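>>> Okay, sequence plus prediction incoming.
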Amino acid sequence: MKYFFVYVLFFNMLLYSQPNEKTDSTAYYSSLSNSNIQNNNYKNALLYTQKAILYATKNKNIKDQAHQNLNLGEIYYSLKKYDDAIESFLKSATLLKNFDPTPDHAAVYYHLGSCHMKKENFDSASIYFQRAKSINDILKIPDTAELFNLQKGLIYKSKNKLSSALSVFKTIIAKPNTLNLLNTKAEALYQIGSIEATKNRNNLALNYLNKALQLNSKTQNPEQKSNILLALSSIYEKMLDKNNAYSYLKQHLNLKESITILNNERLGIDDYQKFKATERLKEIAQTNYENKEQEKASKFSKLISILAIALISILSLLSLSLYKNNIIRNQSNLLLKEKNKELEVAKDKAEKASKARSEFLSTVSHELRTPLNAINGITHLLLEENPKKTQIDYLSSLKFSGDYLTKFINEILEINKIESNKFEIEYTSFNLKQLLINIQNSLKELAFINNNNFTLEIDHAIPDYLIGDPTKLSQIILNLINNALKFTKNGDVNMVAKLENLEDENTTLYFEITDTGIGIPEDKLVSVFDSFSQGSIEVNRKYGGTGLGLTIVKKLIKILGGQIKLTSVVGQGSKFSFELAFKISEQTLPVEKTTKIDYDSKLLNKKILLVEDNRINQMITKKMLLNKKIICEVIDNGEDAIDLVRKNKFDLVLMDVHLPGINGTIATELIRTFDLNTPIIALTAISLHENRDMLLSFGMNDVITKPFIPEEFYTTIAEYI
């Protein structure tokens, strides 16, 4: 096609910009070939290209052989010897098949497509152009996309799919007039004009053809200009404008004659036949050489056989020695087995110790929640009862300490849950953009406190709905941004979500959190992810925190199939980044309700049964309910709770999970045998062996975790009444 050489130009620019490992005869003859092509001396160009191929073969440089065969194919194409060109391009493709994609791969397939277009094998041409485009996309070669679109349009036109062709060509001409696109746009305008001429829309056709001629004047493409002039002459002839028809026809014939003379000067028919005959003789000589080499290899093989017999004899003698060594080895193996048994015992002890540690931490953390619930609950109640001004600071400090300890316990439980393999990945549909905006809104106050500029950048190419685990993703991003905001004062914190890869129904997203905070020393970049580590004692004292956040982040990202990366400079800031894979969801989610529940009016005079065995928790929870003018009845065991629900009508039941006798889950299960309507909400300090889904499976409607957060406590109750 006319744009064969445009594409060659792009690839030659890329190829020759790559440094050669060594300067040899291959490069020398290749440069001579290129020089002769520029001087229109294709006879010498063929000769020097063959010599370049010869030296590349001698050097056993496969890539150079492939590249020189590519050059030979381009010369054949210029001489309109398309069968010979195809043969050279296929040789190049075969030589390149074991290498990763390079510009040579793309060029070979593009040229094969061009050859098949000339031979009107449009289906084959389409296949090769598609292969070339795929490699282009991988290598991100610039300014070639519209060349492929042009070929697509030409194939459509050749198959008489004129509407599709017009659509493609019009897309091309809408692009800006950059230097690299002038040829392509001129051809697209010419093709549109030709199509419009077939539809007898002569004025429209003239408009496009004149624009094509105008662009052509900037590109100096004589073959294209000749075609445009002929098309203009034909249209003016149909319009009975003989003067213009004759003028453009005359220009076309003069230009065509010049092109023919130029092509004839490239290589005579006799020269080409002599070249092909010489090439065949060289192939015969190469075959003879390979036969001789094969004969040498055969003789060498016989020598190897003789040496092998000698070697076998030596090995037989060695076998006797090995037999004795085997006896010694067997004795060593027995000793090794005994040591392995000892290692197995040690391994079992280590696993039991690890399990005991996890159970201990879980139990201690779990048991701390009950007194914490009392501390937080009483503090909340005292703050609501208009304390004295002198008492407010003490109560606020107590509330802060309670919240901090609650967060610390939750993080310990989170670490234990991950290390005990109690984690399950959810696969639900969610809106990532909305999730990130919600996180940004939730952290605006912290950003304001530290006077930080907190920004969020979301790639518009990210699909609206994804399938993954939004809870764990939120936990990861919240921890990282919270850390960035905490360790940055009067600076910038930026969160980036970018589309990294999109293929069929799968996508890979890149997340990055950067800050201009205190930074992390180079020797702490690894240990900062260890449990209870914040880089140094001074940092821990100044900024506080548990040192578990980054540990949880790293483990969660690994569970989700990613790997966290960290770069940091002390005094300049830090950058955390990771990639995660998601599936694309076609399911749209309902719009989240943002209206705040007026739980005071909803809870007024409602009747609630509180099932709780701990007297302090009874007192606190009952007081919190009475503060909202709720009628509350308290019971301390599961058996009596079942009887009360059977005999009375309650608006809701608050059920502690751990009860004497029948526990809360069994009590709920028995209540559901005769009452399916009364809402039952679990009250629990969730441990390793409990989880929300398990509790809901017994018939509970929701779960409230101790210690309570008052707002969440009231909101959850109001939701089910």
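Nice, thanks for sending it over.
>>> going forward, measure contacts and count neighbours with C-alpha atoms only.
Fine.
>>> Can you tell me the SS state at residue 215?
Judged by DSSP: H, G, I helix; E, B strand; the rest coil, the three-state class of residue 215 is helix.
>>> what residues are up against it?
By C-alpha atoms under 8 Å, 6 or more residues apart in numbering, the contact set of residue 215 is 182, 183, 185, 186.
>>> okay, it: pLDDT?
Looking at residue 215, its pLDDT reads 92.
>>> quick revisit: pLDDT for the contacts of residue 215 - can I get that in CSV?
Below are those laid out as CSV (pLDDT from 0 to 100):
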residue, pLDDT
182, 88
183, 89
185, 91
186, 89
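>>> Filter the residues you listed down to the ones in helices?
Mapping the contacts of residue 215 onto helices (DSSP state H) picks out 182, 183, 185, 186.
>>> The second one contacts residue 222, doesn't it?
Right, residue 183. No - taking contacts as C-alpha atoms under 8 Å, residue 183 lies outside contact range of residue 222: 11.2 Å.
>>> Of these two, which one has the most company?
Just comparing residue 183 and residue 222: by other C-alpha atoms under 10 Å the higher neighbour count belongs to residue 183, 24 against 16.
>>> how far away is that one from residue 165?
Taking C-alpha to C-alpha, to the nearest Å as the measure, residue 183 falls 18 Å from residue 165.
>>> Quick one: neighbours of residue 242, just the number.
Residue 242, neighbours per other C-alpha under 10 Å, totals 13.
>>> how much space is there between it and residue 471?
Taking C-alpha to C-alpha, one finds residue 242 at 77 Å from residue 471.
>>> do residue 654 as well
According to C-alpha to C-alpha, residue 654 stands 26 Å off from residue 471.
>>> next one: residue 519
Distance from residue 519 to residue 471, by C-alpha to C-alpha: 28 Å.
>>> in the stretch 301-450 of the chain, which segments are predicted with low confidence?
350-370, 372-374, 376-377, 380-381, 383-385, 388-423 (pLDDT under 70).
>>> Tally up the residues packed near residue 461, please.
Neighbours of residue 461 (other C-alpha under 10 Å): 10.
>>> Quick check: closest non-adjacent residue to it.
Nearest residue to residue 461, sequence neighbours excluded (C-alpha to C-alpha, 6 or more residues apart in numbering): residue 499, at 6.4 Å.
>>> next helix or strand past the helix or strand hosting that neighbour?
Element membership of residue 499 [criterion: DSSP states H and E] is strand 492-503. Sequence-wise, the next helix or strand downstream of strand 492-503 (DSSP H and E) is strand 506-515.
>>> Strand partners (parallel or antiparallel) of that following strand?
strand 492-503 (antiparallel), strand 573-584 (antiparallel) (DSSP bridges).
>>> for it, which positions count as buried?
507, 508, 509, 510, 511, 512, 513, 514, 515 (16 or more other C-alpha atoms under 10 Å).
>>> What residues sit buried inside the host helix or strand of residue 206?
Assigned by DSSP H and E, residue 206 falls within helix 202-216. For helix 202-216, burial by neighbour count (16+ other C-alpha under 10 Å) applies to 202, 205, 206, 208, 209, 210, 212, 213, 215, 216.
>>> Measure how the very next helix or strand once past that helix sits relative to helix 202-216, angle-wise.
Using DSSP H and E, the helix or strand that follows helix 202-216 in sequence is helix 222-238. Angle of helix 222-238 versus helix 202-216, following axes from the mean of the first three to the mean of the last three C-alpha atoms, to 10 degrees, is 160 degrees.
>>> Flag the shaky bits of the stretch 151-300 of the chain, pLDDT-wise.
Ranges of the stretch 151-300 of the chain meeting pLDDT under 70: 265-286, 288-290.
>>> Helix, strand or coil: sort out residue 609 for me.
Per three-state DSSP, residue 609 ends up strand.
>>> swap that for residue 489, please
Residue 489 - assigned by three-state DSSP - is coil.
>>> and it, what does it touch?
Per C-alpha under 8 Å, 6+ apart, neighbours of residue 489: 450, 451, 452, 517.
>>> you'd agree residue 130 is in a helix?
Yes - checked against three-state DSSP, residue 130 lies within a helix.
>>> From one end of stretch 619-636 to the other, what's the distance?
Per C-alpha to C-alpha, stretch 619-636 runs 12 Å from first to last residue.
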